[in-house]
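> sequence first, predicted coordinates after that:
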Amino acid sequence: LTMLLWPRFKAVLDLQIEGVKAVDPRILVSRGSDKYGHHVTRRFGELTGCLHVLKNSEGREMLDHSMDFVRKEVEALWTRIGQQMGGKRTQLVFLINQLECVCTTYEQRGVPKDAAGHYQRRLDSTIDEFVEEELSLHMGDLIAYVKESEGGGRDGDG
């Protein structure tokens with residue numbers, strides 16, 4: 001059955017990819033859109049979450065390959081939208097909210113942990129980057145001093 005449906009399903013995924021590639025990120029940005037999961041992200045999370053739950057061993061490689069293309073294009077779209085929003089801090093907040101939206105959707109849909117792992121790891125690293133950005137904004141001189149002191153201490157120990 002999977003092999004009979006695959007050509008049409010592949011066409012739908014290809015249209016999804018082309019739509020994401022072609023969209024102008026400026027029209028997707030609105031006031032406060034960095035604070036919530038974007039509707040494109042929610043649709044992406046729902047689509048891929050359901051596909052992860054429904055996929056079986058037959059045709060798994062083809063589906064994984066196509067879903068990787070969709071994932072890459074949506075992540076590139078997040079970057080393009082974030083660039084329209086301003087500074088690095090706002091971009092990071094936007095990205096954190098998008099990743100959290102996908103992780104939450106996957107959890108609600110019962111997507112296996114290994115399938116959701118990419119987004120969870122990316123969410124964790126983006127949160128770390130945001131924390132570093134915030135700390136450097138408020139305590140940049142102190143952080144620079146500590147790093148310099150730690151680096152000097154290591155050189156002297158060796």
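Right, received. Where do you want to start? Given the structure is predicted, the values throughout are model-derived calculations rather than measurements.
> which residues of this protein fall in helices?
Taking DSSP state H as the criterion, the chain carries its helices at 2-22, 39-54, 60-83, 88-109, 113-157.
> packing partners of the third one?
Packed against helix 60-83, as judged by 3 or more C-beta pairs under 8 Å, 6 or more residues apart in numbering; DSSP states H and E, are the following elements: helix 2-22, helix 39-54, helix 88-109. (C-beta placed from N, C-alpha, C; glycine too.)
> report the buried residues of the second one.
In this case it means helix 39-54. Burial within helix 39-54, assessed by neighbour count using 16 or more other C-beta atoms under 10 Å, is assigned to 40-42, 44-45, 47-49, 51-52.
> next, the angle from that helix to helix 60-83.
Using axes from the mean of the first three to the mean of the last three C-alpha atoms, to 10 degrees, the inter-axis angle of helix 39-54 relative to helix 60-83 is 160 degrees.
> tell me how far helix 39-54 lies from the chain's centre.
Remark: helix 39-54 is offset 13 Å from the chain centroid, using C-alpha atoms, centre = their mean, to the nearest Å.
> repeat that for the longest one.
Relative to its chain's centre, helix 88-109 lies at 7 Å (C-alpha atoms, centre = their mean).
> ok, residues contacting it?
For helix 88-109, the external contacting residues (C-beta atoms under 8 Å, 6 or more residues apart in numbering) are 33-38, 41-42, 44-46, 48-50, 52-53, 78, 81-83, 85, 115-116, 119-120, 122-123, 126-127, 129-130, 133-134, 137.
> make a ChimeraX selection of the buried ones in those residues.
The buried subset of the contacts of helix 88-109, as determined by 16+ other C-beta under 10 Å, is captured in ChimeraX by this line:
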select :33,34,37,38,41,42,44,45,48,49,52,78,81,82,115,116,119,120,122,123,126,130
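> quick one on the thing from earlier: point out the most buried one among the helices of the chain.
With neighbours defined by mean count of other C-beta atoms under 10 Å, none of the helices of the chain is more surrounded on average than helix 88-109, at a mean of 19.
> could you list the low-pLDDT ranges of this structure?
For the chain, applying pLDDT under 70 flags the ranges 1-3, 31-35, 56-59, 152-158.
> ok, now with 90
Where the chain drops to pLDDT under 90, the residues are 1-44, 47-70, 82-88, 90, 109-116, 132-148, 150-158.
> ok, back up a step: would you turn the helices and strands packed on helix 60-83 into TSV with distance to V74?
Supplementary listing: the helices and strands packed on helix 60-83 in TSV, determined by distance: least, C-beta to C-beta, whole Å:
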stretch	distance to V74
helix 2-22	6
helix 39-54	5
helix 88-109	9
